[in-house]
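S.K.: Sequence and computational prediction follow.
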Amino acid sequence: MHTICPQPCLGLGDRWAAILTLLLVLFQIYGTRSYGPVFEEQPAHTLFPEGSAEEKVTLMCRARANPPATYRWKMNGTELKMGPDSRYRLVAGDLVISNPVKAKDAGSYQCVATNARGTVVSREASLRFGFLQEFSAEEREPVKIAEGWGVMFTCSPPPHYPGLSYRWLLNEFPNFIPADGRRFVSQTTGNLYIAKTEASDLGNYSCFATSHIDFITKSVFSKFSQLSLAAEDARQYAPSIKARFPADTYALTGQMVTLECFAFGNPVPRIKWRKLDGSQTSKWISSEPLLHIQNVDFEDEGTYECEAENIKGRDTYQGRIIIHAQPDWLDVITDTEADIGSDLRWSCVASGKPRPAVRWLRDGQPLASQNRIEVSGGELRFSKLVLEDSGMYQCVAENKHGTVYASAELTVQALAPDFRLNPVKRLIPAARSGKVIIPCQPRAAPKATVLWTKGTELLINSSRLDDPRVFSFEKKKSYIVFYATKITLAPSSADINVGENLTLQCHASHDPTMDLTFTWSLDDFPIDLDKSEGHYRRASAKEAVGDLAIVNAQLKHSGRYTCTAQTVVDSTSESATLTVRGPPGPPGGVVVRDIGDTSVQLSWSRGFDNHSPIARYSIEARTLLSNKWKQMRTNPVNIEGNAETAQVVNLIPWMDYEFRVLASNILGVGEPSLPSSKIRTKEAAPTVAPSGLGGGGGAPNELIINWTPTLRDYQNGDGFGYILSFRKKGTQEWLTARVPHAESLHYVYRNESIGPYTPFEVKIKAYNRKGEGPESLTAIVYSAEEEPKVAPFRVTAKAVLSSEMDVSWEPVEQGDMTGVLLGYEIRYWKDGDKEEAADRVRTAGLVTSAHVTGLNPNTKYHVSVRAYNRAGVGPPSPSTNITTIKPPPRRPPGNISWTLTGSTVTIKWDPVVAQADESAVTGYKMLYRQDSHSAPTLYLASKSRIDIPVPEDFTHAFVQIRVTGPGGDGIPAEVHILRNSGMSVCVPRVQTLIFRVLPRTLQNDISISRNTCCHVL
């Protein structure tokens, strides 16, 4: 189609009328413009607590659209019905679910917004239900271990969603166990670890699990498990890692990763963290058993090692962190207006790991290739658009970690030429002897063909017609003429260093009736002061001054600067060159040749000197074992600035390397070159002996030799292995054994002639296919131990209290031992039971007595003692018999009364008489406490009364009275003595007296013991 652009009118009287007409046209065109739905609020993942007092769940959805959108919702891909009796209802676009139920309402929800222009679907949002059940009601097994050894309590949390936080109670609420380096609570499993038990650890343990769901917090705790400690084992031993992070830990970018590592050992081990294929970053937060890495990214991926160490040794554990990423848009579609009959290509590009798959929707429905439409991954192509192609389109990128949506509206247009949007100007000012341009840009679809006329003359191929869409001419008497703009102070060329500041001057004169503006360009590219990151700014606010200030100049700021002063009718420019000197640019073309076992020859090409001569070069390298670049030794040591080759020395044989070169001058070190191609140095014989030589243990007639496997850095070649030399101490002939594979870490030598616990001299060296390396120092390693062959003798047992006894014995002779004596094992069993069912207590070291607790009162026991070592226990001693003492009376003292005379309180009670199955009463014990915070004082009485001195300001006291005798102490009675009341107040005895308000969930777990008390008036 063709359009004739009329000759412009030069009158000035109706300028404002033209402007008002243009505004009216724009309102008519755009004021009532319709458009498809655009989401302003989409549903979010929601977690609803089961049993919550809330009676509804609301999923938000709101879209901007003209005409306004209508809404529908889908659950698990199926459209929801919104009947009057339904639990689902729409409030604007929001979905409200009344009385949500997990079995019916848990799932994935999607909002669908529709108007006359098209349909879009929202992102998917899940509705899940949070819950925390109670712990199992089954009693937990007691735990018994030698004091000084490590112990673990299993939490076994009840079914729950989502995750929990864990703490442990000791004996009572709220006595929570602190994380103090010796004790650790895993937030992964809930298990409690104690690296080295102490006497203070005796007691009852309960796992306390807490669920946090929005503003609702719920806690439950397990049954208590009792910890009892056998005799202290004071031996120190090396760490053993018990709480480990997974071998593979998966995390999404931006998350915080927490790794757990905790070890048993004596002394308590220290925990250290390292990244084997990289270095520690500032995002690490290390707190002994835990390593937190904030805001993880792909650079944090790799192998991490936890090391537990004490004076007896170390233990290590390794695992990988693998970083994935949710889909994230790199390039998305935008609203597009296209001419009918034209072609269109849309592209959506998303990052993510695993790589996201991209699919397309049109008006909420899947779009596949058909006729004129081709769908290919992230690309959508249209051929010869038709009006029916108009609508709402969405590209969807998804991987297993998430889904992202991008939406755009396609409008296919068919428009006749229309000048209302871009009318031809009726008045155009022009400078004397200047050039004038008259735009002609009608709105049309498809694109219009433009013609020009002057009067009745059709302008075609005119020497003054530069472009069919514009009309230009030099001068015409009827045009308004202004004074030309001139630059009065032009910018000057300059030379500065990186980091310095400079001001380029530019002053101009202009017609006083016009506004003057300045613009700057660098190498013909306009400078945007707002996007210059602070490097460019205007140096003056004066209208005639356009000075440009350059702050903290960088190499990229070198070039030709052009200052342009312009008014609405003309412009003028002046230029100057700025040279920024800085550190050299990266060298190029790094080539490796003459590859040896410990050296290579490097060559490179000279890079840009950035206007300052290159003074010297340095060479860095990295191996496949570490991504960290390290400066290398070279020949010559100092590489001059005019050199383009050097030898790199002191390399590791049979190692993969990359090299790069850096140039420097007086202004600093420049950027490194690109890495060279990977090379591998030649092989050589090993130069380092393996370390960590030791051993011991195993089966009878065995010698086990251990060592630390040699790292890849020190293998020096393929076919790596170990050569062992060993002989019985005191003999001359060495035996040898070759152990292939670098990963090998032990060797077992079996021979019937090897006696138990026989010392051997052992040496080790490494070999590869290039030869053998140096030999290690000689170590002493003992053959396997055997169980002790002799038994302790003269075993005696003595009853102590009603549930305890002391056992003593004569030790075995050291000359009779077939290993290292670790201690003795006491076995005791009830009369009538078999010895196989005996309880056992172990001692550590050479002690010859033990105190045994937890016995039944008034019961006959058989007792025997055995020696033990690493191989097992020896034969039993002859058993001895013992009968434990009867228990103390089960009744507390009763009918307690008191009188206050001066500074003495006299307390009396009825005597307690032992029953036939109870031990005799030999006296009474009384604990006197001034108040709940003071330390108690113990008093002993042989009769059923006692006198206690009290201070003059005495107001009240707490008193406990119990019987004592051969069977131990009985149950106490407790009274609260008040000075002014004239009577005693009985305080019921509870298992633990807690002077605080307990949570309602715990009150039912407190048991109250019965007790006799008399109130005396």
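M.R.: In hand now; what should we look at?
S.K.: Correct me if wrong: F298 contacts H324.
M.R.: No: with contact defined as Cβ atoms under 8 Å, F298 does not reach H324; the gap is 9.4 Å. For glycine as for every other residue, the C-beta is placed from the backbone atoms N, C-alpha and C.
S.K.: With neighbour numbers in mind, choose between those two.
M.R.: Shown here are F298 and H324; by other Cβ atoms under 10 Å, H324 has more neighbours (17 against 11).
S.K.: Could I get the CA-only coordinates of the helix or strand hosting that one as PDB?
M.R.: Here H324 sits within strand 313-331, counting by DSSP states H and E. Output of strand 313-331 as PDB, limited to C-alpha atoms (Å, rounded to 0.1, in the frame of the first residue of the first chain):
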ATOM      1  CA  GLY A 313      45.800 -40.500  66.500                       C
ATOM      2  CA  ARG A 314      43.300 -39.300  63.900                       C
ATOM      3  CA  ASP A 315      40.300 -40.600  61.900                       C
ATOM      4  CA  THR A 316      39.000 -39.100  58.700                       C
ATOM      5  CA  TYR A 317      35.800 -39.300  56.600                       C
ATOM      6  CA  GLN A 318      35.100 -38.000  53.200                       C
ATOM      7  CA  GLY A 319      31.900 -37.200  51.300                       C
ATOM      8  CA  ARG A 320      30.800 -35.100  48.300                       C
ATOM      9  CA  ILE A 321      28.600 -32.100  48.000                       C
ATOM     10  CA  ILE A 322      26.800 -32.100  44.600                       C
ATOM     11  CA  ILE A 323      25.200 -28.800  43.600                       C
ATOM     12  CA  HIS A 324      22.000 -28.700  41.500                       C
ATOM     13  CA  ALA A 325      20.000 -25.700  40.600                       C
ATOM     14  CA  GLN A 326      16.300 -24.900  40.000                       C
ATOM     15  CA  PRO A 327      15.400 -23.500  36.500                       C
ATOM     16  CA  ASP A 328      16.200 -19.800  36.100                       C
ATOM     17  CA  TRP A 329      15.400 -17.800  33.000                       C
ATOM     18  CA  LEU A 330      18.300 -16.400  30.900                       C
ATOM     19  CA  ASP A 331      16.100 -15.200  28.000                       C
END
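S.K.: which other helices and strands contact that strand?
M.R.: When contacts are defined as 3 or more Cβ pairs under 8 Å, 6 or more residues apart in numbering; DSSP states H and E, strand 313-331 packs onto strand 237-244, strand 248-252, strand 257-266, strand 302-310, strand 349-353, strand 391-399, strand 402-413.
S.K.: what's in contact with the one helix or strand A444 maps to?
M.R.: Counting by DSSP H and E, the element that carries A444 is strand 443-445. Outside of strand 443-445, the residues within contact range by Cβ atoms under 8 Å, 6 or more residues apart in numbering are 1, 3, 339-340, 413-422.
S.K.: Counting neighbours, what do you get for the closest residue to D609 other than its chain neighbours?
M.R.: Nearest residue to D609, sequence neighbours excluded (Cβ to Cβ, 6 or more residues apart in numbering): P584, at 5.4 Å. Counted with other Cβ under 10 Å, the neighbours of P584 add up to 26.
S.K.: From G402, how far off is P584?
M.R.: Distance, P584 to G402, using Cβ to Cβ, to the nearest Å: 45 Å.
S.K.: what's near enough to touch the closest residue to D328 other than its chain neighbours?
M.R.: Take D328 and drop its neighbours on the chain: the residue closest to it by Cβ to Cβ, 6+ apart is S351, 5.2 Å away. Counting by Cβ under 8 Å, 6+ apart, S351 touches A325, P327, D328, L330.
S.K.: And the furthest pair within the residues you listed?
M.R.: A325 and L330 (12.0 Å; Cβ to Cβ).
S.K.: Stretch 132-147: end-to-end distance?
M.R.: Using Cα to Cα, to the nearest Å, one end of stretch 132-147 lies 36 Å from the other.
S.K.: so the most centrally placed residue in the chain bridges to which residues?
M.R.: Nearest to the mean C-alpha position of the chain, counting by Cα atoms, centre = their mean, stands V257 at 1.3 Å. Note on V257: beta-bridge partners by DSSP bridges are I293.
S.K.: Could you do the one 4 residues further on as well?
M.R.: Beta bridges link C261 to R244 when assigned by DSSP bridges.
S.K.: Isn't it up against R244?
M.R.: Yes: shown here, C261 and R244 form a contact pair, counting by Cβ under 8 Å, at 6.4 Å.
S.K.: where do the contact lists of the two overlap?
M.R.: Among the neighbours of C261, those also in contact with R244 (Cβ under 8 Å, 6+ apart) are C306, Y317.
S.K.: More neighbours: those two, which one.
M.R.: C261 (27 against 17).
S.K.: tell me the pLDDT at that one?
M.R.: For C261, the model assigns a pLDDT of 93.
S.K.: And K272, by the same measure?
M.R.: At K272, the model reports a pLDDT of 90.
S.K.: Burial check on it, number of neighbours?
M.R.: 16.
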